[in-house]
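K.L.:
what shape does this take:
(6 chains)
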6 protein chains.
Amino acid sequence: MSGSTGPQADATRHPREHLTVTPSPEAFRRARADGNERLRGSGSLFESFFALDGAAYAPGALPVSVKELLGLVVSVMKDCEECVYYHLERCGEERVARDQVLEALQIALIGGGSVTIPLLRRAVSYMEKLPNLGDGKA
Amino acid sequence: MSGSTGPQADATRHPREHLTVTPSPEAFRRARADGNERLRGSGSLFESFFALDGAAYAPGALPVSVKELLGLVVSVMKDCEECVYYHLERCGEERVARDQVLEALQIALIGGGSVTIPLLRRAVSYMEKLPNLGDGKA
Amino acid sequence: MSGSTGPQADATRHPREHLTVTPSPEAFRRARADGNERLRGSGSLFESFFALDGAAYAPGALPVSVKELLGLVVSVMKDCEECVYYHLERCGEERVARDQVLEALQIALIGGGSVTIPLLRRAVSYMEKLPNLGDGKA
Amino acid sequence: MSGSTGPQADATRHPREHLTVTPSPEAFRRARADGNERLRGSGSLFESFFALDGAAYAPGALPVSVKELLGLVVSVMKDCEECVYYHLERCGEERVARDQVLEALQIALIGGGSVTIPLLRRAVSYMEKLPNLGDGKA
Amino acid sequence: MSGSTGPQADATRHPREHLTVTPSPEAFRRARADGNERLRGSGSLFESFFALDGAAYAPGALPVSVKELLGLVVSVMKDCEECVYYHLERCGEERVARDQVLEALQIALIGGGSVTIPLLRRAVSYMEKLPNLGDGKA
Amino acid sequence: MSGSTGPQADATRHPREHLTVTPSPEAFRRARADGNERLRGSGSLFESFFALDGAAYAPGALPVSVKELLGLVVSVMKDCEECVYYHLERCGEERVARDQVLEALQIALIGGGSVTIPLLRRAVSYMEKLPNLGDGKA
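P.N.:
Below is the predicted model of the structure:
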């Protein structure tokens, strides 16, 4: 899969041609960081919101791995593609097992219905690019 | 709190007067069961959907307690009041700790914003009526 | 069921106690008409919007019965309880068969997921109060 | 209208009978304050979120009256009934003119479509109970 | 239009440059099939959900053509771009007339408001690429 | 930023690689106008809806600048990327100050939660391309 996402392979394709093509984790991470930096520089309320978001996902009565799975289903329910990629990455970093992520996505599917399927297709495609997913434990 | 939810106390109040009043768990459970029975009797696809929903929440790579927390945030994100009550009850049955439920609700709040607050008010009110919540572990 | 929805039966119950109780069609029709009258009197743009809404549901390339089923699933997808009651009534007036309405609701369920179930419970309950539903044809 | 919302008038009606009946501002304010108190007592993140919400609506480059109108359309777009009542009250306190509120609601209607109409019916009904609305200026 | 969607024509354009450009039906079909295959291979619950989805759209009390129009408005209401393309293709296969599809989209527009317009622009653009749409009957 | 959005720079990138890349205002305007033309030609109801939309944003009790800010938060709440770009452009034409737009976006963020962040990243990026934003007054 990763072979088809290189720049060369896609240079001759047009926007929206391959709706299930997902970004490379590296490019996504960089673009997300740039955008967040820009938001943070646009007013202190944005900065405060990011801090509160960070606090919600900090370890507490629930382990971080469970919180990231909660963030993942929140993201699917709101059709937030970039949020899904972010929480998948975080799941990988927290060594959540691939099967655990898939069960969380199944709960999102049954809860949100078939309109979640295009985003789930992308989620499963993106998971293939995350080496840490699958060998861990929530 | 439970005193204010008895029939006598509310007989002289009008619909929607107290938007934060929540049903008694017993009445809710009965009404929900009746409604589901009616749906199940309305076509085999409804029945099949309920079966699939049950399968998604069965124990697997994730423990049932985590799945119920996932269902809870799914419900808040879609503003589904009755779904929230249901998953809170299931959390109680699975002995999820009150602090764990609250952390899941905080993730829903930060993810879905201030428009989730009215439902969160009801969720916290309903939690007070569930004796098993708070003494367990996710 | 209709016996339990009379004023006497419910006078001693409190708001939100019975989340699956649905209004009587007569009371709903009156309240809806009153509210729409109030909106219409609040600015010509409201009036124009109602006119456009009426035009969208007028007979055309699609028969009115199909349009009402479309309006019904639109309403379920947006969790609009009153819209659902209205389109169910219109389906009854257009002599849509009960099985046809149920199949439309099943498409809404599979499309929108389990979070639509509370509204579908109410829809099926409300359908029992509509005498014309079930003997017609879409 | 206010006559029909007294306790006596509604004691014999059942829940959800009058879907367009709106609460009295006093009862709503009290119930909302109670619920928020309960949330605030349920974890510091709730408290922090309320503080951030307050900061977003404080005077700044935009006057508070415009911010309350923005909060009003946010609430309609997310079908948040209690949020709508709250922002209508705040509009009244900020002496926003009734016609200005109605124009904001019209933008919500054209933006969100006919599924917003049931909430707009309630909004216009609730506005009749707010004495300060209509004599001011945004 | 189809001329501008070839690989050569778009090689020098950047992502998101042309937000109204739609994929070619062939490329979309292939990418969708690949993604669904990947989902199906990710757990039996996904497979079961697809089967239930298929059952909901099978001929019954409603003809398949009407069910596809229902699926189309479900998709617009949930802003599901790929779902819209899929149901448009199915409408073409079922020989639904172009005017019938447009009337269904108009009901989605009036129901969901101006925020549906960007997706409707893409829907109408995609319809131009479907040869079977327009000569049939629902 | 504008350097990275030229055709040459992106010719070797694949779709969805840079999720925070935003279109050039010129290309967006052209594509939007083309799509609207196509919709207008697809039935008189589309034309009527556009006229009603125009009426809602015309000067009235509220100045046009405030109405455009209302349209902007409507768009963020419904995750409508193209609507956001359009209302940002209109804000620029109405000489709304950059700080005023940012405060409106902050109200959308607090109201709609962290799932609005990806769209807010794009909004702030797009604002950098609008020369008139920032020197005016709402």
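
K.L.:
tell me which element A:Glu26 falls in.
P.N.:
Element membership for A:Glu26, per DSSP states H and E: helix A:25-40.

K.L.:
packing partners of that helix?
P.N.:
Counting contacts by 3 or more Cβ pairs under 8 Å, 6 or more residues apart in numbering or on different chains; DSSP states H and E, helix A:25-40 packs against helix A:44-56, helix A:81-93, helix F:117-127. All C-beta atoms are positioned from the backbone trio N, CA, C, and that covers glycine.

K.L.:
nearest to chain E, of those?
P.N.:
Of all the helices and strands packed on helix A:25-40, it is helix F:117-127 that lies closest to chain E, at 8.6 Å by Cβ to the nearest Cβ.

K.L.:
got the residues of chain A near chain C?
P.N.:
Residues of chain A lying close to chain C (Cβ under 8 Å from any Cβ of the partner chain) are A:Leu109, A:Ile110, A:Gly111, A:Gly112, A:Gly113, A:Ser114, A:Val115, A:Thr116.

K.L.:
quick check: the fifth one vs E:Ala56, distance?
P.N.:
Applying Cβ to Cβ, to the nearest Å, one obtains 10 Å for the distance of A:Gly113 from E:Ala56.

K.L.:
quick one: contacts for the residue most central in space within chain A?
P.N.:
By Cα atoms, centre = their mean, chain A has its centre lying nearest to A:Tyr85, at 1.7 Å. A:Tyr85 is in contact with A:Thr22, A:Pro23, A:Pro25, A:Phe28, A:Tyr126, counting by Cβ atoms under 8 Å, 6 or more residues apart in numbering or on different chains.

K.L.:
tell me which of those residues is nearest to chain C?
P.N.:
Nearest member of those to chain C, counting by Cβ to the nearest Cβ, is A:Tyr126, at 21.7 Å.

K.L.:
ok, how many other residues are close to the closest one?
P.N.:
Neighbour count for A:Tyr126, taken as other Cβ atoms under 10 Å in any protein chain shown: 21.

K.L.:
and A:Arg121, by the same measure?
P.N.:
Other residues near A:Arg121 come to 23 when the count uses other Cβ under 10 Å.

K.L.:
which residues touch it?
P.N.:
Contacts of A:Arg121 by Cβ under 8 Å, 6+ apart are A:Thr20, E:Arg32, E:Gly35, E:Asn36, E:Arg38, E:Leu39.

K.L.:
same list, those, but as TSV with distance to D:Leu133 and pLDDT please.
P.N.:
TSV is the format used below for the contacts of A:Arg121 (distance: Cβ to Cβ, whole Å; pLDDT from 0 to 100):
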residue	distance to D:Leu133	pLDDT
A:Thr20	50	67
E:Arg32	51	94
E:Gly35	51	94
E:Asn36	52	96
E:Arg38	55	95
E:Leu39	51	96
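
K.L.:
pretty sure A:Glu68 contacts A:Glu89?
P.N.:
No: applying Cβ atoms under 8 Å, one finds A:Glu68 not in contact with A:Glu89, separated by 9.2 Å.

K.L.:
out of the two, which sits in the more crowded spot?
P.N.:
More crowded of A:Glu68 and A:Glu89, by other Cβ under 10 Å: A:Glu68, with 24 against 21.

K.L.:
quick check: closest non-adjacent residue to the more buried one.
P.N.:
Nearest in space to A:Glu68, with sequence neighbours left out and distances taken as Cβ to Cβ, 6 or more residues apart in numbering or on different chains, is A:Arg90 at 4.5 Å.

K.L.:
and the gap between that neighbour and A:Leu130?
P.N.:
For A:Arg90, the distance to A:Leu130 - Cβ to Cβ - is 10 Å.

K.L.:
which residue packs closest to A:Gly57, ignoring adjacent ones?
P.N.:
Quick fix: residue A:57 is Tyr, not Gly. Nearest one to A:Tyr57, counting by Cβ to Cβ, 6+ apart, is A:Lys67 at 5.0 Å.

K.L.:
confidence score at that neighbour?
P.N.:
Here the pLDDT value assigned to A:Lys67 is 98.

K.L.:
do A:Ala27 as well
P.N.:
Predicted confidence (pLDDT) for A:Ala27: 89.

K.L.:
quick one: it from chain D, how far?
P.N.:
Relative to chain D, A:Ala27 is positioned 31 Å away (Cβ to the nearest Cβ, to the nearest Å).

K.L.:
got it, and A:Asn132?
P.N.:
28 Å.

K.L.:
tell me the contacts of that residue?
P.N.:
So A:Asn132 contacts A:Gly92, A:Glu93, A:Arg95 (Cβ under 8 Å, 6+ apart).

K.L.:
and those, which is closest to chain B?
P.N.:
Ranked by distance to chain B (Cβ to the nearest Cβ), those are led by A:Arg95 at 13.2 Å.

K.L.:
how is the closest one assigned, secondary-structure-wise?
P.N.:
A:Arg95 carries the three-state label coil when classified by DSSP: H, G, I helix; E, B strand; the rest coil.

K.L.:
and it, how far is that from A:Asn132?
P.N.:
Using Cβ to Cβ, we find A:Arg95 at a distance of 6 Å from A:Asn132.

K.L.:
how about A:Pro118?
P.N.:
A:Pro118 is 25 Å from A:Asn132, by Cβ to Cβ.

K.L.:
flag every residue of chain A that's near chain D.
P.N.:
Residues of chain A found near chain D (Cβ under 8 Å from any Cβ) are A:Leu45, A:Ser48, A:Phe49, A:Leu52, A:Ala55, A:Ala56.

K.L.:
list the residues that contact the fourth one.
P.N.:
What it means is A:Leu52. B:Ile110, D:Leu45, D:Ser48, D:Phe49, D:Leu52.

K.L.:
what is the burial count for the second one?
P.N.:
The burial metric for D:Leu45, expressed as a neighbour count using other Cβ under 10 Å, is 20.

K.L.:
would you mind measuring from it to F:Leu119?
P.N.:
24 Å.

K.L.:
what do you get for the last one?
P.N.:
Computed as Cβ to Cβ, the D:Leu52 to F:Leu119 distance reads 19 Å.

K.L.:
what helix or strand is A:Leu105 on?
P.N.:
Using DSSP H and E, the element containing A:Leu105 is helix A:98-112.

K.L.:
next, the angle from that helix to helix A:81-93.
P.N.:
150 degrees (axes from the mean of the first three to the mean of the last three Cα atoms, to 10 degrees).

K.L.:
which strands and helices lie in contact with helix A:98-112?
P.N.:
Using 3+ Cβ pairs under 8 Å, 6+ apart, helix A:98-112 sits against helix A:64-77, helix A:117-127, helix B:44-56, helix B:64-77, helix E:44-56.

K.L.:
only alpha carbons, please: show it as CSV.
P.N.:
C-alpha atoms of helix A:98-112 as CSV (Å, rounded to 0.1, in the frame of the first residue of the first chain):
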residue,chain,number,x,y,z
ARG,A,98,-5.1,-3.5,16.2
ASP,A,99,-8.1,-5.7,17.2
GLN,A,100,-9.0,-3.3,20.0
VAL,A,101,-9.0,-0.4,17.5
LEU,A,102,-11.2,-2.4,15.1
GLU,A,103,-13.7,-3.2,17.9
ALA,A,104,-13.9,0.5,18.7
LEU,A,105,-14.6,1.3,15.0
GLN,A,106,-17.3,-1.4,15.0
ILE,A,107,-19.0,0.3,17.8
ALA,A,108,-18.8,3.6,15.9
LEU,A,109,-20.2,1.8,12.8
ILE,A,110,-23.2,0.3,14.6
GLY,A,111,-23.8,3.6,16.5
GLY,A,112,-23.4,5.9,13.5
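
K.L.:
pLDDT weak spots in chain A?
P.N.:
Scanning chain A for pLDDT under 70 picks out A:1-20, A:134-138.
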